[in-house]
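>>> Below are the sequence and a predicted model; questions follow.
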Amino acid sequence: MRRTTVLALTLILVGSLIGCGKNQEEADKFRAGTSTPQIAPGPLKHLRLDNGVSVYLQEEHSRPMIAVEILYKAGAANEGAGKAQVSCMLAHMLIFSGSESFKAGEAVEAISKEGKINGELTNLFTHFDYVVPSGQLDVALKVEAERLTSSRFTDDLMQKYAGKCAGDVSVVLEDAQGTLSKFGVMALNQTYNHHRTSVSIVDAPSQLTADDLKEFLDDHYRPENMVVVAIGDLDTTDAVKLIQQRFGSLPARAAPAVPQKPIKKSVSAKWDVPADVAFLVFPGPYENERERLALTMLGTYLSQYLVRDADLYAGVKSSFVSSYISPVGDELPFFVFLQAKRGYNLQDIQTTALIAMEKGMSEVSETFFDAIKSSLVSYVETSSLKAQANVDFVPHYQFIGQEALNIGMKHYLRGGVETGAFVELVRSISYEEAKRYYAARVNTKNLLEVTFTGPKAQSR
């Protein structure tokens, strides 16, 4: 039986979908004295500002640096009708655009002199990460606050990053191990939530306007969707004051209009990516949060089972994206993403995937399900700083940066509830209950097949 821990799956599934700013290799100044010192992090403190911003702070004084993560519930699955790639474009533009205090590119340049700045888009959230020297927490906070209030989207930068987002498709297609899952999720959102049967991904960025970016920012980069995490050589009392000063006055905004009701039947759509992909979708509405969480845990297990199943993987790049990093729910239902290799029939692979899922679920015993639950509980309760304190070949700034990101991801995983309540919910879900949810939801009667066919793929 295949056993993969939830923590290990985190490292696999959270892989970067876009990267902006300073390259890792260029941050050599942080590698001075690479070995990790004795780490003694203080307690993790959590508070919520009046406007809804969630804040997590942790003192860790072994090195004179601070890691900051700012996360927004604004990902590839949140794009509006006909606005594919807007989440990607906005993430790039917010990194490099000018604002009230910085000309275009100046914020990156200023922070990169002594620190690091980067950004990443995932299916359900976008995060911006910083590492700054002690005493410069407010520099990172100021840059982030101005992104939200005074970013300037100039035509030249719009053109540059439209080309970058479109070009990312070619980069994936040229990579033998590349997966189109991010672009597939964008297309699935357009078809599943917005009923589009023809989706533009490659050409979409050049059609986006500055107003489109600002609308997405206003709709999804709202205070109640925002998480601020700061770890390192800081004083939490002072940090609270700075965060309140920079983000406390952000106005609450109305939530965007709910998209059309999801499609109710299988769809064969076209897109402008020269490849065929498919989704096996098992839609809601979900009975309750218990069902969502149970399916998310089982989806995490199956994500690895499908990739490792030799019969399936021989002919497909398979990514089971309904992982706990992207919990099943309203934006993304329980689904399997399939990308066929050249020469393979996509329909045959879809059939094989369903057989492999049935086989995989037959191997989930009660003991194994309990192990899945225990691993998830361990992940949400454990500090990776403490767990990895003895590893001496990873730069310290990576330790605190990854821990800051983990804290933000755990917040979204828990749905914003406190760790204790979440752990209690996880432990209360029984094997029989989880299997019942799965059987009722993930079955051929509830299956929607959403297929996207590209122009060159049609002619093969």
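Arrived safely. Nothing here was measured: the structure is a model prediction, and the numbers come from that model.
>>> Show me the helices in the stretch 251-400 of the chain, by range?
For the stretch 251-400 of the chain, the helices defined by DSSP state H, counting those that start in this stretch cover 289-308, 310-313, 346-362, 366-381, 384-387, 396-413.
>>> between these, which one is nearest to Leu121?
Judged by CB to CB, the one of the helices of the stretch 251-400 of the chain that comes nearest to Leu121 is helix 396-413, at 13.6 Å. C-beta coordinates here come from the backbone N, C-alpha and C atoms, glycine included.
>>> For the chain, which residues score under the pLDDT cut-off?
For the chain, residues meeting the criterion pLDDT under 70 lie at 1-38, 321-327, 386-394, 457-460.
>>> re earlier: so for Pro133, which of the helices of the stretch 251-400 of the chain sits nearest?
helix 396-413 (10.3 Å).
>>> nearest spatial neighbour of Val377, skipping sequence neighbours?
Distance criterion CB to CB, 6 or more residues apart in numbering; nearest residue to Val377, sequence neighbours excluded, is Val423 at 5.2 Å.
>>> Tell me the spacing between the one you found and Lys83.
As judged by CB to CB, to the nearest Å, Val423 and Lys83 stand 38 Å apart.
>>> Name the residue in those two with the higher neighbour count.
A count of neighbours by other CB atoms under 10 Å puts Lys83 above the other of Val423 and Lys83, at 23 against 18.
>>> For the residue nearest to Ala74 when sequence neighbours are not counted, list the residues it contacts.
Distances taken as CB to CB, 6+ apart place His220 nearest to Ala74, at 3.5 Å, with adjacent residues excluded. Counting by CB atoms under 8 Å, 6 or more residues apart in numbering, His220 makes contact with 72-74, 78, 256.
>>> Surely Ala84 is within a strand?
No. In this structure, Ala84 is coil, not part of a strand, as judged by DSSP: H, G, I helix; E, B strand; the rest coil.
>>> Hmm, it is touching Thr191, no?
No. Counting by CB atoms under 8 Å, Ala84 sits too far from Thr191 to count as a contact (10.5 Å).
>>> picking up where we left off before, format the contacts of His220 as JSON lines; extra columns: secondary structure, neighbour count and distance to Tyr437.
Formatted as JSON lines, these follow (DSSP: H, G, I helix; E, B strand; the rest coil; neighbours: other CB atoms under 10 Å; distance: CB to CB, whole Å):
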{"residue": "Tyr72", "secondary structure": "strand", "neighbour count": "24", "distance to Tyr437": "30"}
{"residue": "Lys73", "secondary structure": "coil", "neighbour count": "19", "distance to Tyr437": "24"}
{"residue": "Ala74", "secondary structure": "coil", "neighbour count": "26", "distance to Tyr437": "28"}
{"residue": "Asn78", "secondary structure": "helix", "neighbour count": "26", "distance to Tyr437": "25"}
{"residue": "Pro256", "secondary structure": "coil", "neighbour count": "14", "distance to Tyr437": "29"}
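>>> Can you tell me which of those is nearest Lys160?
Ranked by distance to Lys160 (CB to CB), those are led by Ala74 at 21.3 Å.
>>> Need the phi and psi values for that closest one.
phi -150, psi 90 (degrees, to the nearest 10).
>>> just Tyr344 next, same as before
Residue torsions, per degrees, to the nearest 10, at Tyr344 are phi -100, psi 150.
>>> quick one: contacts for it?
Neighbours of Tyr344 in contact, by CB under 8 Å, 6+ apart: 315-316.
>>> re the thing from before, quick one, which of the helices of the stretch 251-400 of the chain gets closest to Ser54.
Ser54 lies closest to helix 396-413 among the helices of the stretch 251-400 of the chain, at 6.1 Å (CB to CB).
>>> which secondary structure elements does the closest one contact?
strand 54-59, strand 65-72, strand 126-133, strand 226-232, helix 366-381, helix 384-387 (3 or more CB pairs under 8 Å, 6 or more residues apart in numbering; DSSP states H and E).
>>> before we move on, back to that, now for Ala84 and Thr191: what residues contact both?
Counting by CB under 8 Å, 6+ apart, the contacts common to Ala84 and Thr191 are Val199.
>>> Which residue of these two possesses the greater neighbour count?
Comparing Ala84 with Thr191 by neighbour count (other CB under 10 Å), the higher total belongs to Ala84, at 30 against 24.
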